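Asker: all I have is the shape, not the residue letters:
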């Protein structure tokens with residue numbers, strides 16, 4: 001690859017990096033933006049946001065364990081309406097599914 005082709009290739013990659021960074025930052029509030037503003041790459045930005053919002057693997061594992069316990073011990077509370085029960089149950093199930101837990105009839 002000649003110098004001109006190499007330069008053109010590098011410019012395209014740089015343009016893609018800028019586009020990725022703009023996509024990531026365009027939807028953030030000020031706090032999140034300042035949290036990632038010093039990141040050198042789009043990957044570093046993404047990883048920082050992921051840990052901020054989802055937690056580390058240890059946090060995810062602990063959260064999953066807690067939600068499984070809530071799921072297994074789930075009961076209707078005294079004075080709770082059917083709509084409230086359904087909302088609480090759906091919340092637990094959705095969070096478990098977002099953490100990779102699949103629920104079956106045997107779960």
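Answerer: Thanks, I have the structure now. From a predicted model like this one, the values you see are computed outputs, not experimental measurements.
Asker: what strand or helix carries residue 19?
Answerer: helix 3-25 (DSSP states H and E).
Asker: now residue 77
Answerer: Counting by DSSP H and E, residue 77 is found in no helix or strand.
Asker: ok, now which ones touch it?
Answerer: Taking Cβ atoms under 8 Å, 6 or more residues apart in numbering, we find residue 77 in contact with 84, 85. From N, CA and C alone the C-beta is placed, and that goes for glycine too.
Asker: how about it, phi and psi?
Answerer: phi -90, psi 150 (degrees, to the nearest 10).
Asker: if I look at the closest residue to residue 24 other than its chain neighbours, how far off is residue 21?
Answerer: Distances taken as Cβ to Cβ, 6 or more residues apart in numbering place residue 45 nearest to residue 24, at 5.0 Å, with adjacent residues excluded. Shown here: residue 45 relative to residue 21, a distance of 7 Å by Cβ to Cβ, to the nearest Å.
Asker: brilliant, that's me finished.
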